[in-house]
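1. Sharing a model that was predicted from the sequence below.
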Amino acid sequence: MKCTRCNRDVKEGDSYTHFGEILCEDCYLDMRLEVKACDPWAVHSATRLRESSGLAEAEGLTELQKTIYELVKNKGKVTRQEVMEIHSLSESEMLAQLAILRHCELIKGHKEGHNVYLVPFHQEGTEEGN
Ligand SMILES: [Zn+2]
């Protein structure tokens with residue numbers, strides 16, 4: 001089958017259906033980002049997938065996703081710009097990675113003043129001494 005957006009050949013197992021369109025993974029992610037950044041259905045399925053395969057927290061992610069997640073977790077908050085610079089990502093690559101991390105409920109956006117930061121989805125309890 002072919003991706004209805006970019007016409008690339010997609011294997012049946014690698015295809016995604018989005019509102020009746022057959023999409024390859026790249027187009028699917030693009031499309032999802034266009035529609036809205038956060039989608040409860042995606043959160044649900046990503047969480048369930050991780051639960052059913054017995055994966056916890058950062059397991060089940062690609063190395064890049066893990067590194068981005070670790071960065072956010074260790075620093076407490078980072079900007080998208082920092083993620084792009086540190087990992088040498090283009091904006092669309094960065095957004096695709098963030099979408100996955102957000103769908104897995106690992107990171108979320110946090111607005112402070114005029115800036116939006118990426119912070120861990122589940123804030124850990126305050127550690128004494130920090
Ligand atoms: Zn495509």
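-> Yep, it's here. Numbers count the residues shown, from 1 in each chain.

2. Counting by contacts, list what the helix or strand harbouring residue 96 packs against.
-> Using DSSP states H and E, residue 96 falls within helix 91-103. In terms of contacts (3 or more CB pairs under 8 Å, 6 or more residues apart in numbering; DSSP states H and E), helix 91-103 is packed against helix 25-35, helix 40-52, helix 63-75, helix 80-87, strand 107-112. (C-beta placed from N, C-alpha, C; glycine too.)

3. can that helix be found next to the ion?
-> No. Between helix 91-103 and the ion, judged by CB under 5 Å from the ion, nothing touches; the nearest distance is 13.0 Å.

4. gap between that helix and the chain center?
-> 4 Å (CA atoms, centre = their mean, to the nearest Å).

5. Same check on stretch 1-13?
-> 22 Å.

6. For that stretch, buried residues please.
-> 3-5, 10 (16 or more other CB atoms under 10 Å).

7. Of those residues, just say which sits nearest to the ion.
-> Distance to the ion, by CB to the ion, is smallest for residue 3 among the buried residues of stretch 1-13, at 3.2 Å.

8. The ion next: which of the buried residues of stretch 1-13 are close?
-> 3, 5.

9. Out of the buried residues of stretch 1-13, which sit inside helices?
-> Judged by DSSP state H, helices contain none of the buried residues of stretch 1-13.

10. Need the buried residues of stretch 1-13 in TSV (columns: pLDDT).
-> As requested, the buried residues of stretch 1-13 are exported to TSV (pLDDT from 0 to 100):
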residue	pLDDT
3	89
4	87
5	84
10	88
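
11. Brilliant, that's me finished.
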